[in-house]
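Chemist: build the 3D model from these lines:
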Amino acid sequence: MTTVHDDAIVTSASASNPLAVAAGGSGDDLSASGPGILGQASAGGDFEIVGLLPSIGGALTAATTIAPTAKAHHVTGTTAIVTITPPAGIHDGETIILIPSDLWSWTAAGNVAVAGNAILNVGVAMTWNATTTKWYPSYTDAVRSVARGGTGAATLTGVLIGNGTGAVTADLILDAAYGGTENGFAAFSGPASSKKTFTLPNASATILTDNAAVSVAQGGTGTDLSAVGPAILGQASAGAAFTRVALRPSVGAALSSGGTIAPDSKVHHVTGTSAVATITVPAGFNDGDSITLIPDGAFTWTTGGNVAVSGTAVVKKAIIMTYDATTTKWYPSYV
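Modeler: Sure thing, here's the model as predicted:
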């Protein structure tokens, strides 16, 4: 069929013979191009689809691979996107818009040039480069701020804890002002199943522990008493640590007289009549402390060991033996 006009003759067009641009056509078969906008590479050139038709397609769910089909899409979910399938007919340099409905991210492991984090309701313009076969995002928000739902920190390890107003610090040590300990090496244990309340003074103070002896100023003795045994404690001066200064008053087991006797209490009965040369100094015994020996037999003591002067015991008459650590001798109350 031929149509005749005053200034030209236009023959019928077909898919194999598209109407030329000079005749008012596109110069291309557009029947399979899908929704889009037309453009020319140069004046007089054939028209072709050069862009997706502006429209918002159905919402996409963030996943390893998403497949947009329109110029713009809302994207839900929080899964990291690795690959964005190029829409059919997309051209080199064309851009699509992904509008984040949630805080998802994208990686550089697929066909996106650089990794990034979505900002809620701020569209990411992804531009397609057919040469590199990569998408190039309009922003990355590599460190998502607290205001944008992020942490404000580039690297996080351990448990994520917000500090209330600012960015979470990379070392995750929480300031005291926000309920933290300001120390990365403190751990507490004990309370379980329900809340427990520990009341502390409204002042800076030292918590008393078994790591060191509780000082006198803290209400303690300042001395580890675990190995002191039964004793009386005393101070050499005001504020000084307490130490063992005497055996605790008690009557120990009866001792048998002989070359060496070993008292371990403040008072002992002594049986037999053998001579005593040495009196073993009790563990932790202090200079100037005394023991009492009650004779049940008329034993004697000599100067052959650590008694300063010899003597004879009178049955039932108590002997007070006083120890001098300087001379390492015992001094009896009678001879």
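
Chemist: can you give me the buried ones in the helix or strand where Trp128 lies?
Modeler: Taking DSSP states H and E as the criterion, Trp128 maps to strand 124-129. By neighbour count with 16 or more other CB atoms under 10 Å, strand 124-129 contains the buried residues Val124, Met126, Trp128. Where C-beta positions appear, they are placed from N, C-alpha and C, glycine not excepted.

Chemist: how about stretch 294-302?
Modeler: Residues Ile294, Pro295, Asp296, Phe299, Trp301 are the ones in stretch 294-302 that count as buried (16+ other CB under 10 Å).

Chemist: and Thr78, what does it touch?
Modeler: Neighbour list for Thr78: Ala62, Asp102, Leu103, Trp104 [criterion: CB atoms under 8 Å, 6 or more residues apart in numbering].

Chemist: now, of the residues you listed, which are buried?
Modeler: With neighbours counted by 16+ other CB under 10 Å, the contacts of Thr78 contain buried members at Ala62, Leu103, Trp104.

Chemist: of the residues you listed, which is the nearest to Ala241?
Modeler: Using CB to CB, Leu103 comes nearest to Ala241 of those, at 60.3 Å.

Chemist: coming back round to it: among the buried residues of stretch 294-302, name the ones in strands.
Modeler: Using DSSP state E, the members of the buried residues of stretch 294-302 that fall in strands are Ile294, Pro295, Trp301.

Chemist: hang on, the earlier thing: which two among the contacts of Thr78 are spaced furthest apart?
Modeler: Of all the pairs that the contacts of Thr78 form, the one spanning the most space (CB to CB) is Ala62 and Leu103, at 9.5 Å.

Chemist: what comes up buried for the helix or strand Thr322 falls within?
Modeler: Secondary-structure assignment from DSSP H and E places Thr322 in strand 319-324. By neighbour count on 16+ other CB under 10 Å, the buried set for strand 319-324 is Ile319, Met321, Tyr323.

Chemist: now the first one: how far from Thr260?
Modeler: Spelled out, that is Ile319. Here Ile319 is placed at a distance of 16 Å from Thr260 (CB to CB, to the nearest Å).

Chemist: over to the last one?
Modeler: Tyr323 is 15 Å from Thr260, where distance means CB to CB.

Chemist: one step back: who does the strand holding Thr322 touch, helix- and strand-wise?
Modeler: When contacts are defined as 3 or more CB pairs under 8 Å, 6 or more residues apart in numbering; DSSP states H and E, strand 319-324 packs onto strand 290-295, strand 329-331.

Chemist: quick one: strands adjacent to the longest one?
Modeler: So that's strand 290-295. Strands flanking strand 290-295 in the sheet, each with its direction: strand 267-271 (parallel), strand 319-324 (antiparallel) (DSSP bridges).

Chemist: run through who's touching it.
Modeler: Strand 290-295 is contacted from outside by 247, 255, 263, 265-270, 279, 282, 313-323, using CB under 8 Å, 6+ apart.

Chemist: all helices of the stretch 201-335 of the chain, in order?
Modeler: Using DSSP state H, counting those that start in this stretch, the stretch 201-335 of the chain contains no helices.

Chemist: that one: strands as residue ranges?
Modeler: Here the stretch 201-335 of the chain has its strands, by DSSP state E, counting those that start in this stretch, at 231-234, 243-247, 255-256, 260-261, 267-271, 275-276, 278-279, 290-295, 300-301, 311-312, 319-324, 329-331.

Chemist: out of the ones you listed, flag the one nearest Thr199.
Modeler: Per CB to CB, nearest to Thr199 of the strands of the stretch 201-335 of the chain: strand 231-234, 30.2 Å.

Chemist: what's near enough to touch Asp287?
Modeler: By CB under 8 Å, 6+ apart, the contact list for Asp287 reads Tyr323, Asp324, Ala325, Thr326.

Chemist: how about a cut-off of 6 Å?
Modeler: For Asp287, the contacting residues are Ala325, by CB atoms under 6 Å, 6 or more residues apart in numbering.

Chemist: swap in the one 10 residues further on?
Modeler: Each residue near Gly297 by CB under 6 Å, 6+ apart is listed here: Thr271, Gly272, Thr273.

Chemist: the residues you listed into JSON lines, with extra columns for neighbour count, distance to Thr133 and pLDDT?
Modeler: Formatted as JSON lines, the contacts of Gly297 follow (neighbours: other CB atoms under 10 Å; distance: CB to CB, whole Å; pLDDT from 0 to 100):
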{"residue": "Thr271", "neighbour count": "14", "distance to Thr133": "107", "pLDDT": "97"}
{"residue": "Gly272", "neighbour count": "17", "distance to Thr133": "109", "pLDDT": "97"}
{"residue": "Thr273", "neighbour count": "15", "distance to Thr133": "114", "pLDDT": "96"}
